[in-house]
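Enquirer: Give me a 3D structure for the following:
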Amino acid sequence: MSTNLESYVPQETQIQHDTGVDESLKPKTEEGRTVSPSNYIFMWVGDGVNLGNMTLGASMMVAGIATLNIFQTFAAAIIAIGIISTVFALNDRLGYRTGIPYVVQLRMSFGLKGSVISSLMRGIPAIVWYGFQGWIGGTALNEIAKISTGGAFDNVAICFVVLQIVQIALSLYGFHAIKWVETVASIVIVLALLYVFGVLLTSYSDVITEKWVHAEGSWGLPFFAFIMMFMGNYAAIFLSAADYSRELKSGISDTKRGFLYFLPILIAYGLTLAIGGMLASATGITNPVKAFAVVVDNSYITLFVSAFIVIGAVAVNMVANIIPPTYVITLLTKMKYKPAVIITGLLASCSFPWVLVQDSSAKGLGIFILIYSAFLGPIVSILLIEYYILRKQKVNVADLYKEDGPFSGYNPAAMLALLIGAGAAFMKVELAWIIGVVVGGIAYLLLMKFAFKGSKFKKGTIFEKVHLGMHAEDETKQGS
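Expert: Residues are numbered from 1 along each chain as shown. All right, here's what the predicted structure looks like:
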């Protein structure tokens, strides 16, 4: 089956039975798509109003001084949201129209073997963020336990383990559980954060105005680095857009799907940026949980806010940090979906999240995002160029599942373009993602056209004639 501009919902694709691919990785049929547009919006709101974004917002405060003022912060956010929504809408199209997940989409450009490396570059950051969000949630759960027991219980590690078990259990049910968890979580989290926003405005407006609103800030490198940092926070998610769009009900146009990303991300970004910056300005603390405890000193209110922090941690993990690495583990190990979910949770527990959440680690967390963004930028660029330019949105889905088919092995052009793009990105790590996108994309286009003559990965692309011409020329030379 090939996809084209008119093909929004695929018929069931015939996949070889001997590939060893788990059912969770096979193309989603129309009957298997259960996520409605409203569920989709709530899902992205629930994912966006997370403590990772708040921590990044709080990272603007360095030694009590804002590197960006409030106007520069939101200008950077609007630019980032526009780019994020556009890339989401472009990269989700293949998954929406064919029902394939991201790890299978990668085979189109990188080949079956090459997709192993590129899929790990999505899976590893997700596992780290899984642990990070889990520890933040465990910290909040510990606050609840302390208040409930009058201080008799105080053990973040135990709360973290309990929360990990809950998240693993919920994730065993896949998107059937995710859509309901996210709908409830997004509503209650937004209401809780709006309350905190009101408290900050009424009680800390003077210090926030002094340290953030009237700060000099910068329209230079820090401004663009902040855009890259927030895009880096989403870079891994929109890279695997197919994992989400394949669950969305059919019949939604490309433009409407773009809106399904833009609106919730705008709401989520606006709220988390504002509160993260305001909390850091008011308290000087970059850990949102600790800052909340300072701002809201009533024990019952602290209990209420902490509960929603726990829900928020679960919500973001279920969308962004559990399903994608689970698919990666399923693909690489031939493991069934549910055991892979458990392995993902165990790996996240061992990612040292208790170190990443420290105030002293805020800058290091930002650097980590910028570094892995250097690799994610070239990958998304390669995928978009492959699908829209080289293949004109026409892909034989069944071939992506054939172990000995046209996508077997690895595509040297994609692997080399990935390294070139990442290498260029490391030359200016503050702008890693955008540099990786531009350089990696250009490198891939040139390599596919001029290098690796006779590569089977040119078949089905606009360079297929060049590929066939080279073969004919070789055969002529051999005949003479």
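
Enquirer: Please compute how far the helix or strand harbouring residue 117 lies from its chain's middle.
Expert: Applying DSSP states H and E as the criterion places residue 117 in helix 107-148. With C-alpha atoms, centre = their mean, to the nearest Å as the basis, helix 107-148 stands 10 Å off its chain's centre.

Enquirer: now the following helix or strand past it against helix 107-148, angle please.
Expert: For helix 107-148, the following helix or strand on the C-terminal side (DSSP H and E) is helix 156-171. For helix 156-171 against helix 107-148, the angle by axes from the mean of the first three to the mean of the last three C-alpha atoms, to 10 degrees is 130 degrees.

Enquirer: could you show me where the helices are in the stretch 351-480 of the chain, in order?
Expert: Taking DSSP state H, counting those that start in this stretch as the test, the helices found in the stretch 351-480 of the chain are 353-356, 362-384, 412-426, 432-450, 464-479.

Enquirer: name the helices or strands packed onto the shortest one?
Expert: Packed against helix 353-356 by the contact rule (3 or more C-beta pairs under 8 Å, 6 or more residues apart in numbering; DSSP states H and E) you find helix 107-148, helix 156-171. Heads up, the C-betas are built off the backbone N, CA and C, glycines and all.

Enquirer: buried residues in it?
Expert: Buried residues in helix 353-356, counted by 16 or more other C-beta atoms under 10 Å: 353-354, 356.

Enquirer: Rebuild those as TSV, extending it with pLDDT and distance to residue 329.
Expert: Shown next, in TSV, are the buried residues of helix 353-356 (pLDDT from 0 to 100; distance: C-beta to C-beta, whole Å):
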residue	pLDDT	distance to residue 329
353	82	19
354	81	23
356	72	22
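
Enquirer: Quickly note the distance from residue 239 to residue 432.
Expert: 14 Å (C-beta to C-beta, to the nearest Å).

Enquirer: Neighbour count for the two, which is higher?
Expert: A direct count of neighbours by other C-beta atoms under 10 Å for residue 239 and residue 432 places residue 432 higher, at 31 against 26.

Enquirer: Please enumerate the helices of the stretch 201-350 of the chain.
Expert: Chain-ordered helices for the stretch 201-350 of the chain, with DSSP H, counting those that start in this stretch as the definition, fall at 205-208, 221-239, 242-245, 254-283, 288-295, 299-316, 323-333, 337-349.

Enquirer: Pick the most buried one from these.
Expert: Neighbour counts (mean count of other C-beta atoms under 10 Å) averaged over each of those peak at helix 242-245, with a mean of 28.

Enquirer: Distance to residue 84 and mean pLDDT added to the helices of the stretch 201-350 of the chain, as a markdown table?
Expert: Compiled in a markdown table, the helices of the stretch 201-350 of the chain are given as follows (distance: least, C-beta to C-beta, whole Å; pLDDT from 0 to 100):
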| stretch | distance to residue 84 | mean pLDDT |
| --- | --- | --- |
| helix 205-208 | 26 | 85 |
| helix 221-239 | 5 | 79 |
| helix 242-245 | 13 | 93 |
| helix 254-283 | 6 | 86 |
| helix 288-295 | 22 | 74 |
| helix 299-316 | 15 | 78 |
| helix 323-333 | 16 | 90 |
| helix 337-349 | 24 | 93 |
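
Enquirer: just so I know, which of these lies nearest residue 24?
Expert: Comparing the helices of the stretch 201-350 of the chain by their distance to residue 24 (C-beta to C-beta), the top pick is helix 337-349, with 4.1 Å.

Enquirer: show me where pLDDT drops low in the stretch 1-150 of the chain?
Expert: The stretch 1-150 of the chain contains residues with pLDDT under 70 at 1-20, 51-52, 61-64.

Enquirer: all helices for it, in order.
Expert: Under DSSP H, counting those that start in this stretch, the stretch 1-150 of the chain gives helices at 37-48, 51-58, 70-91, 93-98, 102-105, 107-148.

Enquirer: buried set for the third one?
Expert: Which is helix 70-91. Neighbour-count burial for helix 70-91 [16+ other C-beta under 10 Å]: 70, 72-77, 79-81, 83-85, 87-91.

Enquirer: how close does residue 422 sit to residue 122?
Expert: On the measure of C-beta to C-beta, residue 422 and residue 122 end up 14 Å apart.

Enquirer: To clarify, my last question referred to residue 33.
Expert: Applying C-beta to C-beta to residue 33 and residue 122 gives a distance of 22 Å.

Enquirer: Comparing the two, which shows the higher neighbour count?
Expert: Neighbours around residue 33 and residue 122, counted as other C-beta under 10 Å, are more numerous at residue 122. The numbers are 25 against 18.

Enquirer: What separation do you get for the more buried one and residue 240?
Expert: Residue 122 is 5 Å from residue 240, by C-beta to C-beta.

Enquirer: which residues do these two both contact?
Expert: Common contact partners of residue 122 and residue 240 (C-beta atoms under 8 Å, 6 or more residues apart in numbering): 102, 324.

Enquirer: related to what we said a few turns ago, so which of the helices and strands packed on helix 353-356 is the most packed in?
Expert: Buried most deeply of those, by mean count of other C-beta under 10 Å, is helix 107-148, with a mean of 24.

Enquirer: tilt between that one and helix 288-295?
Expert: 30 degrees.

Enquirer: returning to that earlier point: in JSON lines, list the helices of the stretch 351-480 of the chain along with distance to residue 117.
Expert: Output for the helices of the stretch 351-480 of the chain, formatted as JSON lines (distance: least, C-beta to C-beta, whole Å):
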{"stretch": "helix 353-356", "distance to residue 117": "24"}
{"stretch": "helix 362-384", "distance to residue 117": "9"}
{"stretch": "helix 412-426", "distance to residue 117": "7"}
{"stretch": "helix 432-450", "distance to residue 117": "14"}
{"stretch": "helix 464-479", "distance to residue 117": "24"}
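
Enquirer: who wins for proximity to residue 330 among those?
Expert: Nearest to residue 330 among those is helix 362-384; the distance by C-beta to C-beta comes to 19.4 Å.

Enquirer: Off-centre distance for the closest one?
Expert: When distances are taken as C-alpha atoms, centre = their mean, helix 362-384 is centred 10 Å away from the chain's centroid.

Enquirer: angle of it against helix 412-426?
Expert: 150 degrees.

Enquirer: Enumerate the positions of helix 362-384 that are buried.
Expert: Within helix 362-384, the residues scored as buried using 16+ other C-beta under 10 Å are 362, 365-366, 368-384.

Enquirer: Many thanks, have a good one.
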